[in-house]
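Peer 1: next come a sequence and a model predicted from it.
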Amino acid sequence: MAKKTTEAPEVKVSERRSYELMLIAHPELLESKLKKKLKEFEDFITENGGVLTMTDIWDKQKLAYRIKKHKEGIYVVFNMEIPGEALKAIDEHLRIDVDILRHIIISLAEGYTYTRFKEEAVKPEAKDRDGNRRRHTPERERNASYTPRKEQAPIISEVKKPKEAPKAIDEEALDKKLDEIIGGGDLNL
């Protein structure tokens, strides 16, 4: 009887397509275990005829919403060239893994270049003399081309006379008019 070989089939480079895989790993995963898992995954890709072109680990990030009861996750991005038939095996491998919270695989356009994730430096908050946070930054700090306004002579306008107070209305005439409106025959109900 002939033995079956477990070697990966030879795949022509022309049959490979570029894909990007982003996965979110369990947030409590130790760094050593994460590196071991990623190495196993890289080996799995090469066994299926793929080639990794880039790996980017983002560290622990806050999630927009809970995934499998977790508020944080470790983001990892892979760019790879792999045959389309191997995608199903990779997807199944990631779906079964309990340390992977979520993953997505997308095909890349020709000429796509990946921009690495960088943490932005957080600026210290501006404080006033008393040590309290400033609510507004001065105009000079917001606008580098700030020039102070020239003082202008005050504009003098005409003083308007206050309007005359309305004439006192006779209360009896007002009551009579209200009775006429309320109880009068003008109302068509």
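Peer 2: The structure has been received and is ready for your questions.
Peer 1: from here on, just use CA atoms for contacts and neighbour counts.
Peer 2: OK.
Peer 1: what segments of this protein are strands?
Peer 2: With DSSP state E applied, the chain shows strands at 16-25, 51-67, 70-83, 100-107, listed in chain order.
Peer 1: any low-confidence regions in this structure?
Peer 2: Low-confidence segments of the chain, defined by pLDDT under 70, span residues 1-14, 117-150, 153-154, 164-167, 184-189.
Peer 1: returning to that earlier point: could the strands of the chain go into a markdown table alongside distance to residue 34?
Peer 2: Converted to a markdown table, these look like this (distance: least, Cα to Cα, whole Å):
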| stretch | distance to residue 34 |
| --- | --- |
| strand 16-25 | 8 |
| strand 51-67 | 10 |
| strand 70-83 | 9 |
| strand 100-107 | 10 |
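Peer 1: want to try CSV for those, with mean neighbour count and distance to residue 116 as columns?
Peer 2: Shown next, in CSV, are the strands of the chain (neighbours: other Cα atoms under 10 Å; distance: least, Cα to Cα, whole Å):
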stretch, mean neighbour count, distance to residue 116
strand 16-25, 20, 13
strand 51-67, 14, 7
strand 70-83, 20, 9
strand 100-107, 16, 17
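Peer 1: among these, which comes closest to residue 157?
Peer 2: Go through the strands of the chain one by one with Cα to Cα and the one that ends up closest to residue 157 is strand 51-67, at 57.9 Å.
Peer 1: for the protein, which segments count as helices?
Peer 2: Along the chain, counting by DSSP state H, helices occupy 31-47, 87-96, 139-142, 171-183.
Peer 1: now these in a markdown table, with mean neighbour count?
Peer 2: Formatted as a markdown table, the entries for these read as follows, by neighbours: other Cα atoms under 10 Å:
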| stretch | mean neighbour count |
| --- | --- |
| helix 31-47 | 14 |
| helix 87-96 | 13 |
| helix 139-142 | 10 |
| helix 171-183 | 10 |
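Peer 1: for residue 65, which of the ones you listed is the nearest?
Peer 2: With distances scored as Cα to Cα, the stretch of these nearest to residue 65 is helix 87-96 (19.4 Å).
Peer 1: the inter-axis angle of the closest one versus strand 16-25?
Peer 2: 0 degrees (axes from the mean of the first three to the mean of the last three Cα atoms, to 10 degrees).
Peer 1: now do helix 87-96 and strand 100-107, the angle between them.
Peer 2: 160 degrees.
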